[in-house]
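Trainee: Here is my input, please return the structure:
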Amino acid sequence: MKAIPLRCSKPVPKEALKRYKGVQFLDAGLVAGPEHTDFAMAQAERAFQRGENISSDPLIEVLVRASAQRQIKRALELFGLKGGREVVLLCHEVPEALLQEYGCREDPGVLEVGKEKYELLKEAFGIGEAELSAVAGEGFAERSTALVEAIKERIAILQV
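Mentor: Below is the predicted model:
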């Protein structure tokens, strides 16, 4: 499975999920870098191996894990496709027609955590400054790293 950060010239609507089989999307605005998606994919794979998967679809399972939500509906509401131009494509094979239709190109920059995204991520995952202060210094880089670790912790403790 691949997680490909994309910047598209046109918004990718929810209908793309119906037209292109074997794909799922994450809202890139709530993805804290490639470490976040890599960890979610590894946790989803482990869930299937242990029979602890929440969804029967591995792509949905990655979305559920990335969102650290127990309910598929809630995971889709928070992290699913919202018609944005910055998305993470989850797939086994990249549908070239999809990339062409929406003018998408791979762009790791959509995963970077700036100050605005940092605040969105804290809110989405329920992470407070006190939690981050306990493990990180005052610098933004240290706080961002601590935030990614806190997100991974929430994914790891997700239980069915």
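
Trainee: Now the terminal residues of stretch 123-131, how far apart.
Mentor: The first and last residues of stretch 123-131 sit 13 Å apart, counting by CA to CA, to the nearest Å.

Trainee: what comes into contact with it?
Mentor: Applying CB atoms under 8 Å, 6 or more residues apart in numbering, the external contacts of stretch 123-131 come out as 30, 68, 78, 121, 122, 147, 150, 151, 154. Every C-beta, even on glycine, is put in place using the N, C-alpha and C of the backbone.

Trainee: Include pLDDT and secondary structure when you put the residues you listed into TSV, please.
Mentor: Converted to TSV, the contacts of stretch 123-131 look like this (pLDDT from 0 to 100; DSSP: H, G, I helix; E, B strand; the rest coil):
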residue	pLDDT	secondary structure
30	96	helix
68	95	coil
78	91	helix
121	96	helix
122	95	helix
147	95	helix
150	95	helix
151	96	helix
154	95	helix
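
Trainee: Now, of the residues you listed, which are buried?
Mentor: For the contacts of stretch 123-131, a burial check counting by 16 or more other CB atoms under 10 Å picks out 30, 68, 78, 121, 122, 147, 150, 151.

Trainee: Throw those into TSV and include distance to residue 57, thanks.
Mentor: Putting those into TSV (distance: CB to CB, whole Å) gives the following:
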residue	distance to residue 57
30	20
68	18
78	17
121	25
122	29
147	28
150	27
151	22
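
Trainee: For the protein, give me the ranges with low pLDDT.
Mentor: Along the chain, the parts satisfying pLDDT under 70 run over 159-160.

Trainee: Tell me where it has strands.
Mentor: In the chain, the segments counted as strands under DSSP state E are 2-8, 23-27, 86-91, 104-106.
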